[in-house]
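Peer 1: 3D, please:
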Amino acid sequence: MRHFQFPPNVLSEIERDRFEHVDPLVQRRMEMLWLKAHDQEHALIAELAGVSRATVQRVLDLYEDGGLSAVRTFRWQARLGALTPHRELLEAQFTARPPHTVGEACRRIEQLTGVRRGPTQVRHFLHQTMGLRWRKVAAVPLPPKQTLAAHAAEQAAFLKDGA
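Peer 2: The predicted structure follows:
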């Protein structure tokens, strides 16, 4: 078991962050350091914090190498989808000519990028990444008691007078 000496200023930061830090995972790490500062064994620290002994060792290694700033930092990287690098191209294409269906979007994406994705993944990409929304489209009904030719003539006259 390794022994650590925590200076009083570091101990006060640990005590504060174990309850007040915005990230609950940092709070858990600070709890592990707090227990270590009070000379608890690694097995007991792991049990009380709800982690494995290897995690306790990793947190202590982080503290030893980089101090509290290393304990507060996570180096997670989000996975990028295969369509993300093609976002600008797809935005330009779909802004100029929006797809009518998700199936059409799938086909056009495959033609443009060579990446084949199913309808669910394409729908998620269009909605979450590009911000496109499904639009309900319906035919505009004719006014009652008018034929198509009469309605078209009335609309043409209206547009001619308005211009």
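Peer 1: List the buried residues in the longest helix anywhere in the chain.
Peer 2: The residue-count maximum for a helix in the chain (DSSP state H) belongs to helix 53-72. The neighbour-count check on helix 53-72 (16 or more other CB atoms under 10 Å) flags 55, 56, 59, 60, 62, 63, 68, 71, 72 as buried. All C-beta spots, glycine's among them, are computed from the backbone N, C-alpha and C.
Peer 1: quick one: the closest residue to residue 57 other than its chain neighbours from residue 74, how far?
Peer 2: Excluding its sequence neighbours, the residue lying closest to residue 57 (CB to CB, 6 or more residues apart in numbering) is residue 42, at 7.0 Å. Applying CB to CB, to the nearest Å, the value for residue 42 to residue 74 is 22 Å.
Peer 1: In terms of neighbours, single out the busier of these two.
Peer 2: For the pair residue 42 and residue 74, the greater number of neighbours falls to residue 42 (18 against 10), based on other CB atoms under 10 Å.
Peer 1: For the more buried one, report the pLDDT, please.
Peer 2: Residue 42 carries a pLDDT value of 93.
Peer 1: Can you verify my assumption that it contacts residue 56?
Peer 2: Yes. Here residue 42 lies in contact with residue 56, judged by CB atoms under 8 Å, at a distance of 5.0 Å.
Peer 1: can you give me the helices for this protein?
Peer 2: Ranges of helices in the chain, per DSSP H, are 8-20, 24-37, 42-49, 53-72, 87-96, 102-113, 119-124, 148-162.
Peer 1: Out of those, which is closest to residue 136?
Peer 2: With CB to CB as the criterion, residue 136 lies closest to helix 102-113 of the helices of the chain, at 14.3 Å.
Peer 1: Please identify the buried residues of that closest one?
Peer 2: 102, 105, 106, 108, 109, 113.
Peer 1: Chain neighbours aside, what residue packs nearest to the third one?
Peer 2: Taking CB to CB, 6+ apart as the measure, residue 106 lies nearest to residue 122, with 5.0 Å between them; neighbours along the chain are not counted.
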